[in-house]
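Asker: have a look; sequence and predicted model below, questions after that.
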Amino acid sequence: MRISIALMSLPAASAWSTLTMKQSGVNSSRRDMLQKGAALATSIAIPASANAYAVPDLLYPFEALEPYIDAPTMKIHHDKHHATYVANINKATEARTSAT
């Protein structure tokens, strides 16, 4: 019985959203708040400096996965493929920073 009384005394969710969206006299919509949050998250996630990413060294030797993946395959994957991904993200980041 106490739980149902407590739940009935809580305001509706729409009332909460209306109260929390009003900031300093400006009535922001939920969409505006999400767009601002997404813009902030993007600016934090993408580094502003060029060549911000680098290929990390493996924490184990190339032969460590030898029964399943041979050393030459690991070397090609790490030194060529991973390096290409890192170079491409650095180019994209550089193009983005030079465009602004």
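Answerer: Nice, thanks for sending it over.

Asker: quick one: average confidence on the helix or strand hosting Asn90?
Answerer: Taking DSSP states H and E as the definition, Asn90 sits inside helix 83-99. This predicted structure assigns helix 83-99 an average pLDDT of 86.

Asker: list the buried residues for that helix?
Answerer: 86, 90, 93 (16 or more other CB atoms under 10 Å). Heads up, the C-betas are built off the backbone N, CA and C, glycines and all.

Asker: need the CA coordinates for it. CSV is fine.
Answerer: Taking Å, rounded to 0.1, in the frame of the first residue of the first chain, the C-alpha atoms of helix 83-99 are listed here in CSV:
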residue,chain,number,x,y,z
ALA,A,83,49.2,1.4,-40.1
THR,A,84,46.9,2.2,-43.1
TYR,A,85,43.9,2.7,-40.8
VAL,A,86,45.9,5.0,-38.5
ALA,A,87,47.2,7.0,-41.5
ASN,A,88,43.7,7.4,-42.9
ILE,A,89,42.2,8.6,-39.6
ASN,A,90,45.1,11.1,-39.3
LYS,A,91,44.3,12.4,-42.8
ALA,A,92,40.6,12.7,-42.0
THR,A,93,41.4,14.5,-38.8
GLU,A,94,43.8,16.9,-40.6
ALA,A,95,41.3,17.6,-43.3
ARG,A,96,38.6,18.3,-40.7
THR,A,97,40.8,20.7,-38.8
SER,A,98,42.0,22.5,-41.9
ALA,A,99,38.4,22.9,-43.1
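
Asker: show me what it is packed up against.
Answerer: Of the remaining helices and strands, none touches helix 83-99 by 3 or more CB pairs under 8 Å, 6 or more residues apart in numbering; DSSP states H and E.

Asker: circling back: mind putting the buried residues of helix 83-99 into TSV with distance to Ala64?
Answerer: Conversion of the buried residues of helix 83-99 to TSV gives the following (distance: CB to CB, whole Å):
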residue	distance to Ala64
Val86	21
Asn90	28
Thr93	31
